[in-house]
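> would you be able to build a 3D model of this:
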Amino acid sequence: MDIKMKLDVPAEYFFNRLIESALYDINEQTGKALRAQSLPHFAYKKKLANGAYGRFLVTDYRPDGVYAYTMRTGRNTYSVSYNVAPVDSGKALLHYTEQVAGSNSTVNANNKLTSFMLGWFRKRRFKKMAAEIAGDYAKQLNVTQN
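Residues are numbered from 1 along each chain as shown. Down below sits the predicted model:
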């Protein structure tokens with residue numbers, strides 16, 4: 001999946017929210033309260049919604065707007081990256097990529113079928129999440145200006 005979005009929110013704000021979410025998830029899974037600077041190459045065992053576990057590894061973190069990770073489960077390896085860059089005053093460009101590699105050809109075929117059938121819903125949910133972050137930012141502006 002490859003998504004590019006222009007957001008009505010400063011890049012720094014959006015990226016900080018993304019990293020706060022990642023740090024919260026790490027704390028919930030491991031009990032460790034990490035700082036963002038400790039993210040690169042941090043690995044842990046993550047419990048998934050279906051009860052299975054995956055190995056989560058932060059592959060890249062740069063405070064200027066780059067965050068990437070891989071998660072390996074028994075059947076798949078997910079590679080995800082976020083690149084958030086400022087484009088205009090108070091606006092950001094988000095480039096999100098996600099790739100899935102199956103452990104064998106049967107799993108890859110299933111992944112392609114699932115991606116085709118559910119891809120639209122996943123993109124829609126992702127765009128909604130990004131819009132909610134932008135909406136939260138707009139609400140904060142209104143509160144501080146009033």
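
> tell me where the chain has helices.
Using DSSP state H, the helices found in the chain span residues 11-30, 105-145.

> next, name the residue at the spatial heart of this protein.
By C-alpha atoms, centre = their mean, the chain has its centre lying nearest to residue 82, at 6.2 Å.

> quick one: pLDDT of that residue?
pLDDT recorded at residue 82 is 97.

> report the contact partners of it.
15, 18, 65, 66, 67, 68, 94, 95, 96 (C-beta atoms under 8 Å, 6 or more residues apart in numbering). Any C-beta I mention is one placed from the backbone N, CA and C, and that applies to glycine too.

> hmm, 10 Å instead?
Counting by C-beta atoms under 10 Å, 6 or more residues apart in numbering, residue 82 makes contact with 3, 14-15, 18-19, 22, 60, 65-69, 94-98.

> with residue 6 instead?
Residue 6 is in contact with 87, 88, 91, 92, 93, 94, counting by C-beta under 10 Å, 6+ apart.

> if you set the cut-off to 6 Å instead, what comes out?
residue 93 (C-beta atoms under 6 Å, 6 or more residues apart in numbering).

> and for the one 4 residues further on?
In this structure, residue 10 makes contact with residue 90, judged by C-beta under 6 Å, 6+ apart.

> so which elements touch the helix or strand bottoming out on mean pLDDT in the chain?
Lowest on mean pLDDT, DSSP states H and E among the helices and strands of the chain sits helix 105-145, with a mean of 82. If you count contacts as 3 or more C-beta pairs under 6 Å, 6 or more residues apart in numbering; DSSP states H and E, helix 105-145 packs onto helix 11-30, strand 91-102.

> thinking again about what came up before, can you put the helices of the chain in TSV and add distance to residue 50?
Putting these into TSV (distance: least, C-beta to C-beta, whole Å) gives the following:
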stretch	distance to residue 50
helix 11-30	15
helix 105-145	14
